[in-house]
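Peer 1: structure for this input, please:
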Amino acid sequence: MPEIGSPLHLCRDEWGQLSVHQDAGRRMLCFGNSVEQSCIDLQQPARLCHHYTQVMMLGLLMKPEIRNCTLLGLGAGALVQALLAHQPDCRIDAVELRPRVVKLAREWFALPDDRRLRLHVADAWEYLNRKPTPADLMLTDLYVGEGMNELQARLHFLAACRSALKPGGILVCNYWMKSSLTHHALNEALQVAFDRQVVTLGIPDGNCIAFAFDGGIPRLRQKPFIQAATELGERMQIPLRKHARSLLHENRQAFRFARCNGED
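Peer 2: Take a look at the predicted model:
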């Protein structure tokens with residue numbers, strides 16, 4: 001694989017090598033190879049650089065008054081920084097297996113010490129079984145150096161995610177389409193765990209973001225949804241309007257015939 005920027009820091013933990021790289025105003029975290037596991041803009045740490053993280057922010061538009069958000073998989077903390085900056089009334093529980101990753105996020109990626117953020121150094125599955133604070137929105141971004149953590153595609157894990165949501169909550173999963181487990185997760189485990197109340201958006205870089213709804217797929221009205229995406233995208237300085245249009249287009253039948261728990 002090609003080198004990504006200049007190496008700044010290299011270390012190891014019991015799970016393998018970790019490295020920090022920098023290039024053209026961006027800083028990246030890698031797990032033992034040159035694949036960007038996480039990335040921040042050095043000038044604007046709360047601005048999401050990767051398309052898949054930008055698409056995950058559409059979950060904010062589908063659930064009013066998000067007070068509690070759970071993030072499984074911290075990485076360099078890009079998603080956490082975006083949520084802290086644009087959801088001022090939200091408390092965030094971020095779960096990360098590797099203590100060294102948390103340390104790197106603080107030392108190299110400007111992860112803030114914020115009273116709204118609670119960091120949990122723990123295995124995601126074990127965390128879910130501790131009966132954590134129920135979440136309005138849960139984001140799963142579980143990856144290792146070799147690719148997607150297979151746990152993210154397992155029925156028992158996805159069912160536990162649903163159990164950790166508040167009634168009507170939303171689970172947003174980042175899947176890697178080149179994983180042999182992705183087809184199973186999107187078409188079987190995730191659909192079963194959420195009673196087939198799931199919509200997805202494929203991204204050209206190889207990711208697929210799945211939105212799974214505890215209370216049923218919302219009935220979205222196109223113009224208000226696009227307008228809300230435009231406004232949030234301008235605040236976050238990301239092309240959220242484009243992502244919102246793509247989501248509606250790829251799932252037009254699902255949103256059209258959705259349960260009547262959203263806007264009429």
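
Peer 1: so which helix or strand of this structure has the lowest pLDDT on average?
Peer 2: The weakest-scoring helix or strand in the chain, judged by mean pLDDT, DSSP states H and E, is helix 182-184 (a mean of 74).

Peer 1: residues in contact with it: which ones?
Peer 2: For helix 182-184, contacts defined as CB atoms under 8 Å, 6 or more residues apart in numbering pick out 148, 153, 175-176, 208. The C-beta positions use only the backbone N, C-alpha and C, and glycine is treated the same way.

Peer 1: would you list those in CSV and tack on secondary structure?
Peer 2: Shown next, in CSV, are these (DSSP: H, G, I helix; E, B strand; the rest coil):
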residue, secondary structure
148, strand
153, helix
175, strand
176, strand
208, strand
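
Peer 1: what sits against residue 70?
Peer 2: By CB under 8 Å, 6+ apart, residue 70 lies in contact with 92-95, 132-133, 135, 137-139, 164.

Peer 1: which one (most neighbours) among the residues you listed?
Peer 2: With neighbours defined as other CB atoms under 10 Å, the most crowded of the contacts of residue 70 is residue 138; it has 27 neighbours.

Peer 1: residue 172: neighbour count?
Peer 2: Count around residue 172 with other CB under 10 Å applied: 23.

Peer 1: re earlier: show me which positions of the helix or strand just after the least confident helix or strand of the chain end up buried.
Peer 2: Of the helices and strands lying after helix 182-184 in sequence (DSSP states H and E), the nearest is helix 190-193. For helix 190-193, burial by neighbour count (16 or more other CB atoms under 10 Å) applies to 190-191, 193.

Peer 1: what is helix 190-193 packed up against?
Peer 2: Helices and strands touching helix 190-193, by 3 or more CB pairs under 8 Å, 6 or more residues apart in numbering; DSSP states H and E, are helix 155-163, strand 207-213.

Peer 1: closest to residue 28 out of those?
Peer 2: When those are compared by CB to CB, strand 207-213 sits nearest residue 28, at 16.1 Å.

Peer 1: average pLDDT across the helix or strand just after that closest one?
Peer 2: Where DSSP H and E defines the elements, the next helix or strand beyond strand 207-213 is helix 222-236. For helix 222-236, mean pLDDT is 97.

Peer 1: could you give me the average pLDDT of the very next helix or strand once past helix 222-236?
Peer 2: Counting by DSSP H and E, the next helix or strand C-terminal to helix 222-236 is helix 240-250. Averaging pLDDT along helix 240-250 gives 97.

Peer 1: just the buried positions in helix 240-250, please.
Peer 2: Within helix 240-250, the residues scored as buried using 16+ other CB under 10 Å are 240-245, 247-248.

Peer 1: and for stretch 176-193?
Peer 2: Residues of stretch 176-193 classed as buried by neighbour count (16+ other CB under 10 Å): 176, 179, 181-182, 185-186, 189-191, 193.

Peer 1: same question, stretch 66-81
Peer 2: By neighbour count with 16+ other CB under 10 Å, stretch 66-81 contains the buried residues 66, 68-81.

Peer 1: residues touching residue 97, list them.
Peer 2: Residues near residue 97 by CB under 8 Å, 6+ apart: 15, 121-124.

Peer 1: would you format the residues you listed as CSV with neighbour count, distance to residue 41 and secondary structure included?
Peer 2: Output for the contacts of residue 97, formatted as CSV (neighbours: other CB atoms under 10 Å; distance: CB to CB, whole Å; DSSP: H, G, I helix; E, B strand; the rest coil):
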residue, neighbour count, distance to residue 41, secondary structure
15, 14, 27, coil
121, 16, 26, strand
122, 15, 29, coil
123, 14, 30, coil
124, 23, 27, helix
